[in-house]
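S.K.: Build me a model:
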Amino acid sequence: MTETLDTVRTVLIEALDLPQRPEDLQEDTELFGSLPELDSLGVLQLVSAIEERFDITIADDEFGAELFETLGSLTAFVESKLAAA
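M.R.: Take a look at the predicted model:
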């Protein structure tokens, strides 16, 4: 999970133009509701960036608050999509 976690961190920081450094974001870092940059538009930007970086597609019915709850939940979701590909 470390490599995927590192990449998801980078995508998150780049897509939302966050001031945090990658090492500031841990698996239990709360995202939606805690990062002001992760509003409805931010979610769309982040999903687009993740789809592009990992060459995956995230279906509309896969969107949910639990997906963006923590960095760990988002990373686990990306890993599950990669494993299914």
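S.K.: how deep is residue 23 tucked in, by neighbour count?
M.R.: Other residues near residue 23 number 8, with proximity taken as other C-beta atoms under 10 Å. The way it works is simple: take the backbone N, C-alpha and C, and place the C-beta from them, glycine included.
S.K.: would it count as being in a helix?
M.R.: Yes: under DSSP: H, G, I helix; E, B strand; the rest coil, residue 23 sits within a helix.
S.K.: Next up, the contacts around the spatially most central residue of the chain.
M.R.: What sits nearest the mean C-alpha location of the chain, by C-alpha atoms, centre = their mean, is residue 74, with 4.8 Å. Shown in contact with residue 74 (C-beta atoms under 8 Å, 6 or more residues apart in numbering): 8, 12, 31, 50, 67, 68.
S.K.: run the last query once more with 6 Å
M.R.: residue 8 (C-beta atoms under 6 Å, 6 or more residues apart in numbering).
S.K.: Name the SS class of residue 33, please.
M.R.: Going by three-state DSSP: residue 33 is coil.
S.K.: residues in contact with stretch 36-50?
M.R.: Contacts of stretch 36-50 (C-beta under 6 Å, 6+ apart): 11, 15, 16, 31, 32, 58.
S.K.: And what about the first one, helix, strand or coil?
M.R.: Local secondary structure at residue 11 is given as helix here, using three-state DSSP.
S.K.: and the gap between it and residue 45?
M.R.: For residue 11, the distance to residue 45 equals 10 Å [C-beta to C-beta, to the nearest Å].
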